[in-house]
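Novice: I need the structure of the sequence given here:
(one chain, ligands or ions: 1)
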Amino acid sequence: MSDSVSELGRWISRHRRVFVLTGAGCSTASGIPDYRDENGEWKRRPPVMIQAFRTQEAVYRRYWARAYAGWPRFSAAAPGAAHQALAAWERAGNLESLVTQNVDGLHQRAGSRSVIDLHGRLEDVVCLGCRERTSRAALQDVIAAANPAWHAVSVAAPDGDAQIDDVAIQSFVPPRCDRCGGALKPDVVFFGENVPADRYAQARDALARADALLVAGSSLMVYSGFRFAQQAHEAGVPIAIVNRGRTRGDDLAALKIEGDVGTVLTEATGRNGRV
Ligand SMILES: [Zn+2]
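Specialist: Numbers count the residues shown, from 1 in each chain. Here you go, the predicted structure:
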């Protein structure tokens, strides 16, 4: 175990109620790639903005074509070392709250219980017209039935969509609400959208009860995550960060470890979990 990982293990065991904020870096080992590189810059075309999704038919069609193509790989992803380490730590140690920016549900599948899905879950779909909720898995079959001849070679992206060519997208028939004909949207926070107020309040209250903040696998480039680091810093709550690459919170952290979040957390919490 490296010195820095040992230091993180000691840092964890010094606290009683650790609030953990996780991001895309926890799920890359599960085959769900991160949008951002090690400098926090976009690796590929930036994700869909909510305003364009709501108002432009071409954007709506492209979103759903990519989501449809990416779903088999996204839904087959299994929890990785980071998810397993956090679930074990919650069962055995002082992990009090787990707030994730990921929409893949992998923390819950690994066994974590006190999870707040800050940006929602991709497995649920909501109608923007009548607010009816449906399951994303069931919608996949509906889309398949409406697009019997449609095939695309997909490359997964973190929100479950895929990179596919524009010609294929032209012929794609996107889904509509079967009750009102309205636009359907996965129940996740899109770029340009706010985290629902009650969900944010729940996470903020959890942070107020915590005596330490650990950021795991997030560059904190999205403000909805970064503001937890700001709040902790302002409240004098110590911050540790485990991430591959720089983060927006590095200057606020008492401890920063560069590395694979699964490996680091497994080593650092393994000892803590046995206490
Ligand atoms: Zn509807």
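Novice: the longest helix in this structure is where?
Specialist: helix 57-76 (DSSP state H).
Novice: mean confidence score for the very next helix or strand once past it?
Specialist: Remark: after helix 57-76, the chain's next helix or strand is helix 81-92, criterion DSSP states H and E. Here helix 81-92 scores 96 as its mean pLDDT.
Novice: what packs against helix 81-92?
Specialist: With contacts defined as 3 or more Cβ pairs under 8 Å, 6 or more residues apart in numbering; DSSP states H and E, helix 81-92 has these neighbours: strand 18-22, strand 95-100, helix 106-110, helix 261-274. In this view, the C-beta of every residue, glycine as well, is placed from N, C-alpha and C.
Novice: mean neighbour count and distance to residue 187 for those - can I get that in JSON lines?
Specialist: Converted to JSON lines, these look like this (neighbours: other Cβ atoms under 10 Å; distance: least, Cβ to Cβ, whole Å):
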{"stretch": "strand 18-22", "mean neighbour count": "27", "distance to residue 187": "19"}
{"stretch": "strand 95-100", "mean neighbour count": "25", "distance to residue 187": "15"}
{"stretch": "helix 106-110", "mean neighbour count": "21", "distance to residue 187": "15"}
{"stretch": "helix 261-274", "mean neighbour count": "21", "distance to residue 187": "26"}
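Novice: up against the ion, what does the stretch 151-275 of the chain have?
Specialist: 177, 179, 180, 182 (Cβ under 5 Å from the ion).
Novice: which of those count as buried?
Specialist: 177, 182 (16 or more other Cβ atoms under 10 Å).
Novice: report the two of the residues of the stretch 151-275 of the chain next to the ion separated the most.
Specialist: 179 and 182 (8.0 Å; Cβ to Cβ).
Novice: what is in contact with these two at once?
Specialist: Shared contacts of residue 179 and residue 182 (Cβ atoms under 8 Å, 6 or more residues apart in numbering): 127, 130.
Novice: what's next to stretch 250-259, contact-wise?
Specialist: With Cβ under 8 Å, 6+ apart, stretch 250-259 has contacts from 4-5, 7-8, 11, 215, 229-230, 232-233, 238-245, 247, 264.
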